[in-house]
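1. need a 3D model of the sequence below.
(chains A and B)
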Amino acid sequence: MELLCPAGSMPALKAAIEHGADAVYIGLKDDTNARHFAGLNFDEATLKDAARYVHQHGKKLHVAINTFAHPANFQRWQYAVDSAVQAGADVLILADIAVLAYAAERYPKVELHLSVQASATNAAAIDFYRQFGIKRVVLPRVLSMQQVRALARSCDINLEVFAFGSLCIMAEGRCYLSSYMTGQSPNTAGACSPAAFVEWQDNQGILESRLNGILIDRFAPDETAGYPTLCKGRFKVDDELYHALEEPTSLNTLDLLPQLHAEGICSLKIEGRQRSPAYVAQITKVWRAAIDAVLATPAQFAVKPQWQHTLSGLAEGSQTTLGAYHRKWK
Amino acid sequence: MQFSLGPVQYFWPKPQMMQFYRDAADSNVDIVYLGETVCSKRRELKFDDYFTLAQMLRESGKQVCLSSMVLYEAPSELRELRKYVDNGEFLVEANDVGAISMLQERSLPFVAGAAINCYNQHTLRRLQSMGMTRWVMPVELSASWLDELLAQSIVADIRDCFTTEVLGFGHLPLAWSGRCFTARSENRSKDQCELCCINYPHGRQVKSQDGTDVFVINGIQTQSGYRYNLINQLGNMGTNVDIVRLSPQAEGTFDWLAKFQANINGQAPQPLGSTDSNGYWLNLAGMATG
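-> Next up is the predicted model:
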């Protein structure tokens, strides 16, 4: 069971490797990946440095090229694939049918993983993508543990699941909420609720967060104000005000680790390429210890309180959830 | 230009569905899509009911297409999908690549629905080679994106092998989740939903704290708070749009169909309401109006 950690910079990548990641995933400094944020990610030179560093430590580098190519700039996605392969990436994480086909035909020996952005939630969808020679599928965060189990038992393909981090509650790759409000979506621009559209305003002691002018939430002085990700705002349905879609909370599957291990899930992905090196270091350390514990004695695995304490401290709104893995969440 | 009625996105009682499709049969619409596309727990109409309706609509002179779901999670749902694929008579709209996989295996033609991620000419060309005969553009794309895509020689060369369709009216389907938001709005979990969507024939409005209609929740689906309305863009659509789709609303769908048909060349424009939008088509934020 692999621990796959995020890195948006060389320091984060080094932190992940030093604290026990088996593999690190990164993206390029453009809109070819789903974490296209200012000041983040790798250019051609740092991509090579990243590959060198990871390989020196006997670990693997995955490169996410997981947005959908634009009609007039398809070359940018081809170029991203070419650059990643030439830099020595071990794995490409892809979502667009055209990009998958290009990579499969041009570089048949390079390992391809199906990005969560391809939204493959069932056995028939996985079968569809087999024609591109994918070796692994990253499952969307909409499935329950029961559904993950059914897939693990019925599909002879490696499965990777999200273990910790920001929780997308919609089927990834098919969520247009962000472009509806801002014009930019994960699929087309590599960003959800982009920072350029965020405004904070103090209104007589009440802090208001807006996204492209739309009020996402209001916070009283004693409340922690969270980033206005549009699906995590407080809205009104009839006269009731609540988090109509989801609370600001992070996914945490530590409790499910023995089950994920028992089902042969091959990789646990930690979300957060936009996070700091210190965050990556702490998360990686906890998950390394937890995975080692489950691998050593699966039957005796018990979640240590200090792991949960560390993870809760790093979670959005200091809250964590099992998300869709737990049926009652649905 | 032809007009189509998309599948009913909401959960309506059976009598309301039957009446809607009788009205569709009597209307001037060219193409009708039908089938449950949102939630497999909605079973007021079963596959056989849709199939019977499809035959009735065909006999009324409509082109008919069976629409399949967007989010398949359970093996039982795939068995239901198999019935759509194996229906033997009607074209199927695939809204998940799982459906394309099954249709491709049977060498059947298909419509690639708006929830299939086709954003560029290379993907479109691949889908066409797999059997796609009609492409419904993802809702978040614009007229200029469509023009740019279709101008690429790799698809311009095969433009006579497929038709194009654009969703032009109705609340836009924007996201699908593992969670049921309508059940959540009634403090229930999805397993205990008691099929409460049936109480909300328009879905449930979600407003910001200062009163803007942000979303409509419809079971596991989140829709646009504003109604998308491209009626005043029809005259400029040109040959890149073969079919304009109207998504059924609980009221007034056929009045709007008549207004759309009267304005194909822009001769009878309509004022947009304050909760109408056309942003996506104009390359703006989806909820904007240009």
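2. every contact and neighbour count from this point should use C-alpha atoms.
-> OK.
3. chain B: strands as residue ranges?
-> In chain B, the strands defined using DSSP state E lie at B:2-5, B:31-34, B:63-67, B:91-94, B:110-112, B:132-136, B:163-176, B:204-207, B:213-218, B:221-229, B:243-246, B:276-277.
4. Throw these into CSV and include mean pLDDT, thanks.
-> Shown next, in CSV, are those (pLDDT from 0 to 100):
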stretch, mean pLDDT
strand B:2-5, 98
strand B:31-34, 98
strand B:63-67, 98
strand B:91-94, 98
strand B:110-112, 98
strand B:132-136, 98
strand B:163-176, 98
strand B:204-207, 98
strand B:213-218, 98
strand B:221-229, 98
strand B:243-246, 98
strand B:276-277, 98
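5. I'd like those strands as CSV, with mean neighbour count appended.
-> Shown next, in CSV, are the strands of chain B (neighbours: other Cα atoms under 10 Å in any protein chain shown):
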stretch, mean neighbour count
strand B:2-5, 21
strand B:31-34, 22
strand B:63-67, 23
strand B:91-94, 26
strand B:110-112, 28
strand B:132-136, 22
strand B:163-176, 24
strand B:204-207, 23
strand B:213-218, 26
strand B:221-229, 26
strand B:243-246, 24
strand B:276-277, 22
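6. do you know the pLDDT at the residue of the stretch 1-150 of chain B found nearest chain A?
-> With Cα to the nearest Cα, the shortest gap between the stretch 1-150 of chain B and chain A falls at residue B:98, namely 3.7 Å. You'll see residue B:98 listed with a pLDDT of 98.
7. what's the mean pLDDT across stretch A:76-86?
-> Mean predicted confidence for stretch A:76-86 is 98.
8. oh, I was asking about stretch A:112-123
-> 97.
9. show the end-to-end separation of it, please.
-> 18 Å (Cα to Cα, to the nearest Å).
10. that stretch vs chain B: in contact?
-> Yes - applying Cα under 8 Å from any Cα of the partner chain, one finds stretch A:112-123 touching chain B at A:118, A:120-123.
11. return the member of those nearest to residue A:240.
-> Distance to residue A:240 across the residues of stretch A:112-123 next to chain B (Cα to Cα) is lowest for residue A:121, with 32.5 Å.
12. any idea how far residue A:241 is from that closest one?
-> Counting by Cα to Cα, the gap from residue A:121 to residue A:241 is 32 Å.
13. so those two - more neighbours on which side?
-> Higher neighbour count among residue A:121 and residue A:241: residue A:121, with 28 against 14, using other Cα atoms under 10 Å in any protein chain shown.
14. is it correct that the more buried one is in contact with residue B:77?
-> No - Residue A:121 is beyond contact range of residue B:77, at 11.5 Å (criterion: Cα atoms under 8 Å).
15. and residue A:27, which of the three is it?
-> Going by DSSP: H, G, I helix; E, B strand; the rest coil, the secondary structure assigned to residue A:27 is strand.
16. what does residue A:36 give?
-> At residue A:36 the chain is in coil, as set by three-state DSSP.
17. neighbours around the closest residue in space to it that isn't next to it in sequence, how many?
-> Of all residues not flanking residue A:36 in the chain, residue A:190 sits nearest, at 5.0 Å (Cα to Cα, 6 or more residues apart in numbering or on different chains). Per other Cα under 10 Å, the neighbour tally for residue A:190 reads 21.
18. and if you look at the one 10 residues further on?
-> Counted with other Cα under 10 Å, residues neighbouring residue A:200 total 15.
19. take the strands of chain B and lay them out in TSV including distance to chain A.
-> Formatted as TSV, the strands of chain B follow (distance: least, Cα to the nearest Cα, whole Å):
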stretch	distance to chain A
strand B:2-5	22
strand B:31-34	21
strand B:63-67	17
strand B:91-94	11
strand B:110-112	13
strand B:132-136	14
strand B:163-176	4
strand B:204-207	5
strand B:213-218	8
strand B:221-229	7
strand B:243-246	19
strand B:276-277	10
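20. need those in CSV with distance to residue A:234, can you?
-> Output for the strands of chain B, formatted as CSV (distance: least, Cα to Cα, whole Å):
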stretch, distance to residue A:234
strand B:2-5, 34
strand B:31-34, 34
strand B:63-67, 33
strand B:91-94, 34
strand B:110-112, 35
strand B:132-136, 33
strand B:163-176, 18
strand B:204-207, 9
strand B:213-218, 11
strand B:221-229, 15
strand B:243-246, 31
strand B:276-277, 23
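21. go through the ones you listed and name the closest to residue A:267.
-> strand B:163-176 (25.1 Å).
22. CA atoms only for that closest one - export them in CSV, please.
-> Only the C-alpha atoms of strand B:163-176 are listed here, as CSV (Å, rounded to 0.1, in the frame of the first residue of the first chain):
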residue,chain,number,x,y,z
THR,B,163,-24.9,16.6,-35.3
THR,B,164,-24.4,19.1,-32.5
GLU,B,165,-26.7,20.1,-29.7
VAL,B,166,-26.6,22.9,-27.1
LEU,B,167,-28.7,23.1,-23.9
GLY,B,168,-30.5,26.4,-24.4
PHE,B,169,-33.2,26.6,-21.8
GLY,B,170,-33.7,25.5,-18.2
HIS,B,171,-31.8,25.2,-14.9
LEU,B,172,-28.4,23.9,-15.8
PRO,B,173,-27.2,20.6,-14.3
LEU,B,174,-23.9,21.7,-12.7
ALA,B,175,-22.8,18.9,-10.4
TRP,B,176,-23.6,15.4,-9.1
